[in-house]
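Chemist: Make a model of this:
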Amino acid sequence: ADAIAALADVCAEDIPAAQERILALLEEADPAIRVAALRALAKFAPAAETTRMRKRLFAAADVDEARATLEVLRKIASPDSVEALAEYLRSVLPQSPFHDSVRVDALSAFGLATGNRWLEAGPHPEVYYLDQAKKAVSWWDEEKKSKK
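Modeler: Presented below is the predicted three-dimensional model:
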């Protein structure tokens with residue numbers, strides 16, 4: 001993990017070879033290595049990796065990996081990454097232990113990427129987060145309609 005953090009610092013200087021090394025770590029079998037690589041990737045959030053990050057997010061079975069991927073997409077902040085965040089938020093609306101674990105993170109990432117505040121400070125019951133996620137998805141649907 002220290003080596004990955006060091007690579008991230010180098011990547012902040014936009015050195016392609018170091019970025020490629022971090023991207024290669026995303027293929028490791030160990031989820032902890034992938035999560036560390038994703039956290040490092042968030043430091044330079046390459047827009048060229050949006051499609052790859054979207055696929056990784058929808059395939060994530062590990063909560064930490066999903067959260068780290070959400071952060072990368074949020075920091076990419078392109079129209080395609082915001083679309084991926086919206087689609088993912090929609091996909092985690094049905095209640096399940098995994099969805100319940102990542103819904104707040106998905107809602108937060110989507111809110112930060114769109115400049116909207118969907119969450120109020122403080123603890124809330126799970127139904128609050130679910131309702132806010134539904135509102136955010138409805139808002140997104142209306143935004144998309146208005147831009148057509």
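
Chemist: separation between the spatially most central residue of the chain and Pro125?
Modeler: In the chain, the residue lying closest to the centroid (Cα atoms, centre = their mean) is Leu70, at 0.8 Å. For Leu70, the distance to Pro125 equals 22 Å [Cβ to Cβ, to the nearest Å]. All C-beta atoms are positioned from the backbone trio N, CA, C, and that covers glycine.

Chemist: go on, Glu142?
Modeler: 26 Å.

Chemist: which residue lies farthest from the center of the protein?
Modeler: Lys148 (25.8 Å).

Chemist: any idea how far Asn116 is from it?
Modeler: Using Cβ to Cβ, Lys148 is found at 20 Å from Asn116.

Chemist: quick one: low-confidence ranges for the chain?
Modeler: By pLDDT under 70, the low-scoring segments of the chain are 1-15.

Chemist: So which residues of the chain form helices?
Modeler: Counting by DSSP state H, the chain has helices at residues 2-11, 16-25, 31-41, 50-59, 63-76, 79-91, 97-114, 126-146.

Chemist: How about the contacts made by the closest residue to Ala133 other than its chain neighbours?
Modeler: Using Cβ to Cβ, 6 or more residues apart in numbering and skipping residues adjacent in sequence, the residue nearest Ala133 is Leu107, 5.0 Å away. Contact analysis of Leu107 by Cβ atoms under 8 Å, 6 or more residues apart in numbering lists Leu89, Trp118, Leu119, Tyr129, Gln132, Ala133, Ala136.
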